[in-house]
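S.K.: the sequence isn't on hand, but the structure is:
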């Protein structure tokens, strides 16, 4: 699974350079009635298994003098995805004449996948830290995580903010990190000034929506 996800994440970067929507490509390929399993790109890998468990095999293989190069390369590519997303956020803000430093960025979804409250190894939290280190003012909204409880490596003194026209319009950038079904995507699109969509939730192009 990890290798499939890293491949589609790398293809996302290639397609972005070519001006191609990777999600549109995957949706088209998924119409094949057999022999195709769609894997979708995102801002990185999360959870307690895929980003971690393959490296137990890597560690064990080294005891026998073996190198698991595919696993290590996959881990490297996926670990770099949050930095790529942050660069897309910076570019999107810059195109609107604004620096990332001091920008108000509302992160939507901080669980590692949709419709759960599990934050383990969540790329959304990595995104929050990277953005904060660059001087952005961070807030988040997640119906499954009402308050940020300190983690082993991460801590934010934040609580989930309600999604209202006012909170959306007050953000310089709305970063869709985890696409929970409970989000009102029409409301978000109508009131956010800039949306950076890492999950391909918005299929129709719009001037204020950037795919990442």
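M.R.: The structure has been received and is ready for your questions. This structure is a prediction, so every number in the text was calculated from the model and none was measured.
S.K.: quick one: list the elements packing against the top helix by length along the chain.
M.R.: Using DSSP state H, we find that the single longest helix of the chain is helix 2-18. Of the remaining helices and strands, those touching helix 2-18 by 3 or more CB pairs under 8 Å, 6 or more residues apart in numbering; DSSP states H and E are helix 22-29, helix 69-79. For every residue, glycine as well, the C-beta is placed using N, CA and C.
S.K.: what about stretch 14-23, distance to the chain center?
M.R.: Centroid separation for stretch 14-23 versus its chain: 16 Å, with CA atoms, centre = their mean, to the nearest Å.
S.K.: which positions within it qualify as buried?
M.R.: For stretch 14-23, burial by neighbour count (16 or more other CB atoms under 10 Å) applies to 15-16, 22-23.
S.K.: next, the distance between the ends of that stretch.
M.R.: End-to-end distance for stretch 14-23: 13 Å, by CA to CA, to the nearest Å.
S.K.: what's the answer for stretch 92-102, then?
M.R.: Using CA to CA, one end of stretch 92-102 lies 15 Å from the other.
S.K.: list the contacts of it.
M.R.: 86, 89-90, 103, 131, 134-137, 172-173, 194, 196, 210 (CB atoms under 8 Å, 6 or more residues apart in numbering).
S.K.: which of those tops the neighbour count?
M.R.: Sorting the contacts of stretch 92-102 by how many neighbours each has (other CB atoms under 10 Å) puts residue 196 first, at 28 neighbours.
S.K.: wait, a strand at that one?
M.R.: Yes: under DSSP: H, G, I helix; E, B strand; the rest coil, residue 196 falls within a strand.
S.K.: that one contacts residue 175, correct?
M.R.: Yes: under the criterion of CB atoms under 8 Å, residue 196 makes contact with residue 175 at 4.9 Å.
S.K.: now the common contact residues for these two.
M.R.: Residues touching both residue 196 and residue 175 (CB under 8 Å, 6+ apart) are 85, 89.
S.K.: work out which residue lies at the spatial centre of the chain.
M.R.: When CA atoms, centre = their mean is applied to the chain, the residue found nearest the centroid is residue 43 (2.8 Å).
S.K.: quick one: pLDDT of that one?
M.R.: We note a pLDDT of 92 for residue 43 in this prediction.
S.K.: using the three-state scheme, assign it.
M.R.: Assigned state for residue 43: coil (three-state reduction, three-state DSSP).
S.K.: that one reaches residue 128, doesn't it?
M.R.: No: if you go by CB under 8 Å, residue 43 and residue 128 don't touch, sitting 11.0 Å apart.
S.K.: picking up where we left off before, so how far is the longest helix of the chain off the chain centroid?
M.R.: Centre-to-centre, helix 2-18 and its host chain are 13 Å apart (CA atoms, centre = their mean).
S.K.: orientation of it relative to helix 22-29 in degrees?
M.R.: Put simply, helix 2-18 runs at 120 degrees to helix 22-29, going by axes from the mean of the first three to the mean of the last three CA atoms, to 10 degrees.
S.K.: all good on my end, thank you.
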